[in-house]
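> Got a sequence here, can you model it:
(one chain, ligands or ions: 1)
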Amino acid sequence: MPARSSDGGSAPEAPLPDKAEDLGRWYDEVLERAELIDVRYGVKGFVVYRPNAMRIVKRVYSMFERELEARGHSPMLLPLVIPMANFRRETEHVKGFEDQVFYITEAGGKPLNEKLIVRPTSETAIYPMMALWIHSYKDLPLKLYQSVAVYRYETKATRPLLRGREFLWIETHDAFEDERGALAQIKEDLEVARRVYESLGLAFLVVEREPYDKFPGAESSYAYDALLPNGTVLQIATTHYLGEHFTRAFEVTFVDREGNRRRPHTTCFGIGISRTLAALIMTHGDRYGLVLPFGLSVHDVVIVPIVQGGSAEGVLSKARRLEEELGAAGFNVHLDDSEDTPGDKFYRWEMLGVPVRLEVGRREVEGGYVTLFRRDTRERERVADADLARRVGELAREILDNLRRRAWDRLAESVADARTREDVVRLAREGRIIRANFCGEEECARAIKEETGYEVRGRRIDVDERPTGNCAWCGRPAKRVVYMAKAY
Ligand SMILES: [Zn+2]
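Predicted coordinates for the structure are as follows:
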């Protein structure tokens with residue numbers, strides 16, 4: 001047991017289950033005890049985001065929105081419903097989504113003349129509008145995004161935030177004069193994701209999906225796969241080069257600089273906000289609840305006065321002074337002067353992942369210092385009053401660095417090379433992420449999935465890796481080095 005301060009009282013509830021032993025149970029309990037998600041709504045695949053989750057969600061949204069807008073994206077909002085006729089216009093896209101779509105067939109007690117679909121993604125909502133908006137090269141590039149929920153009738157077991165029938169995301173829809181512009185956008189999307197995921201301390205693989213595994217209607221698809229503590233990976237963002245697939249289907253054209261009529265090349269970028277929250281919770285959390293970097297939890301710093309006997313006044317006035325001082329220094333600080341015991345307060349703020357707690361009691365008043373507890377390592381240190389704002393500022397950086405390093409170390413430890421089919425089977429049984437030479441054949445990937453449960457996630461695009469032998473599974477000549485993992 002980690003040390004508690006002598007007068008902190010005992011924990012009001014037992015710690016959470018061990019994340020390493022039973023991630024699923026740990027996850028369900030932390031969602032409930034930290035009051036993040038309520039699963040009792042009563043419709044399969046739909047959950048309620050409580051304030052403690054929604055605050056983090058809004059912060060993650062704004063991190064992405066800031067990055068997108070800094071790179072020329074403008075916000076928009078498309079309707080939730082899409083006319084059936086529009087949904088059907090791009091054939092691959094329809095095939096990819098139709099068995100996951102919610103339909104609206106009736107309203108006002110009467111059947112609708114034309115069925116509406118509830119957006120599973122919004123390509124077929126935006127492209128008819130693009131056809132009205134884009135006329136000339138001067139209208140390009142067009143870079144739009146919306147922050148909304150989308151709806152997919154998942155038939156696999158649903159899990160809160162990880163796989164739901166309603167989930168929160170950001171989708172961008174961008175149009176360019178040519179392929180070069182669109183491919184530059186893909187790079188930019190990957191950079192946006194990298195910047196935000198790094199500032200959340202997450203570890204990830206950036207991969208190009210195999211050609212048979214693309215987004216329906218895309219030329220190529222790129223993904224961020226985050227590593228979860230049980231060795232599975234979770235797709236948290238994807239960006240797709242759509243070529244002219246959608247602009248052809250929806251007759252979007254423009255007159256170029258030479259006076260010729262052409263079709264724009266387009267991209268779309270989906271950022272899974274619900275899944276990003278799940279990855280944040282699972283990656284950093286521990287037996288005492290959430291662990292979060294500065295800027296995400298409800299507060300960055302909580303001050304807990306420890307009052308015993310007649311010393312209340314000195315303790316409280318010091319606590320108030322610290323609150324003012326740290327607030328003036330720009331920190332999101334909260335003085336918890338509620339009537340709960342210090343032990344209850346410790347439990348609550350640790351469960352919510354508040355990065356720094358300051359304990360102020362009689363000893364701290366007399367000694368001119370503060371007892372500082374950092375949530376990531378659960379270590380205490382003494383900080384002189386005069387040094388406090390500086391030390392808290394340092395911790396904003398140190399805690400994020402520590403969380404990020406831990407996550408990347410786990411990812412590096414997890415990756416193992418397979419040369420043969422036996423290697424793949426053994427490493428899959430061990431729950432490792434597998435790096436292997438791969439032939440690029442869909443049937444080979446299917447056989448791997450059937451025998452091991454592992455998916456070929458694709459080739460990493462942030463490092464240059466070339467095949468050094470034949471396909472680890474089938475022995476045919478290898479086309480590339482890929483990563484295989486169990487997907488959440
Ligand atoms: Zn093969």
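> ok now do residue 102, which residues does it touch?
117, 118, 120, 151, 153, 165 (CB atoms under 8 Å, 6 or more residues apart in numbering). All C-beta atoms are positioned from the backbone trio N, CA, C, and that covers glycine.
> What residues sit buried inside stretch 96-104?
Buried residues in stretch 96-104, counted by 16 or more other CB atoms under 10 Å: 96, 97, 101.
> How far away from the center of its chain is it?
24 Å (CA atoms, centre = their mean, to the nearest Å).
> Need the mean per-residue confidence for it.
Averaged across stretch 96-104, pLDDT comes to 93.
> Touching stretch 388-400 from outside, list them.
Contacts of stretch 388-400 (CB under 8 Å, 6+ apart): 199, 201, 293-294, 300-301, 322, 325-326, 329, 331, 355-356, 358, 370, 372, 374-376, 383.
> Quick check: PyMOL command selecting the buried ones in these.
Only the buried entries of the contacts of stretch 388-400 go into this PyMOL selection, using 16+ other CB under 10 Å:
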select buried, resi 199+201+293+294+300+301+322+326+331+355+356+358+370+372+374+375+376+383
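> So residue 268, which state does it fall into?
strand (DSSP: H, G, I helix; E, B strand; the rest coil).
> That should have said residue 359, apologies.
strand.
> Leaving out chain neighbours, which residue sits closest to it?
residue 371 (4.2 Å; CB to CB, 6 or more residues apart in numbering).
> what does residue 27 give?
Using CB to CB, 6+ apart, the nearest residue to residue 27 is residue 282, at 6.3 Å.
> Would you agree that neighbour falls within a helix?
Yes: according to three-state DSSP, the state of residue 282 is that of a helix.
> pLDDT of the helix ranked longest in the chain, averaged?
Longest helix in the chain, counting residues (DSSP state H): helix 388-414. Taken as a whole, helix 388-414 carries a mean pLDDT of 97.
> Contacts only, for the closest residue to residue 452 other than its chain neighbours.
Leaving aside its sequence neighbours, residue 452 sits nearest to residue 428 (CB to CB, 6+ apart; 3.9 Å). With contact set as CB under 8 Å, 6+ apart, residue 428 has these partners: 434, 452, 453, 454, 484, 486.
> Type out the ChimeraX command that picks the buried ones from the residues you listed.
Only the buried entries of the contacts of residue 428 go into this ChimeraX selection, using 16+ other CB under 10 Å:
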select :434,452,454,484,486
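> Strands - which of the contacts of residue 428 land there?
434, 484 (DSSP state E).
> Need the contacts of residue 428 in JSON lines (columns: pLDDT).
Conversion of the contacts of residue 428 to JSON lines gives the following (pLDDT from 0 to 100):
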{"residue": "434", "pLDDT": "97"}
{"residue": "452", "pLDDT": "97"}
{"residue": "453", "pLDDT": "96"}
{"residue": "454", "pLDDT": "97"}
{"residue": "484", "pLDDT": "97"}
{"residue": "486", "pLDDT": "95"}
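> which one among the contacts of residue 428 gets closest to the ion?
residue 484 (11.3 Å; CB to the ion).
> Which strand residues bridge that closest one?
Per DSSP bridges, the residues bridged to residue 484 are residue 434, residue 456.
> And for residue 272?
Under the criterion used (DSSP bridges), residue 272 bridges to residue 169.
> who's in contact with it?
167, 168, 169, 235, 236, 237.
> Looks like the first one contacts residue 274 (just checking).
Yes: in this structure, residue 167 sits in contact with residue 274. The criterion is CB atoms under 8 Å, and the distance is 4.3 Å.
> Quickly list what's touching both of those two.
residue 161.
> which of those two has more neighbours?
Shown here are residue 167 and residue 274; by other CB atoms under 10 Å, residue 274 has more neighbours (24 against 21).
> I'd like to check the angle between the host helix or strand of the more buried one and helix 388-414, please.
Assessed by DSSP states H and E, residue 274 sits inside helix 273-284. Using axes from the mean of the first three to the mean of the last three CA atoms, to 10 degrees, the direction of helix 273-284 lies 90 degrees away from that of helix 388-414.
> Specify the next element, helix or strand, located C-terminal of helix 273-284.
Past helix 273-284, the next helix or strand by DSSP H and E is strand 301-305.
> Just the contacts of stretch 388-400: which are in helices?
199, 322, 325, 326.
> nearest to the ion, of the residues you listed?
residue 199 (37.9 Å).
> My understanding was that that closest one contacts residue 293; is that so?
Yes: Residue 199 lies in contact with residue 293 (CB under 8 Å); the separation is 7.5 Å.
> so how far is residue 180 from the residue of the stretch 101-250 of the chain found nearest the ion?
Residue nearest to the ion within the stretch 101-250 of the chain: residue 210 (11.3 Å; CB to the ion). Computed as CB to CB, to the nearest Å, the residue 210 to residue 180 distance reads 24 Å.
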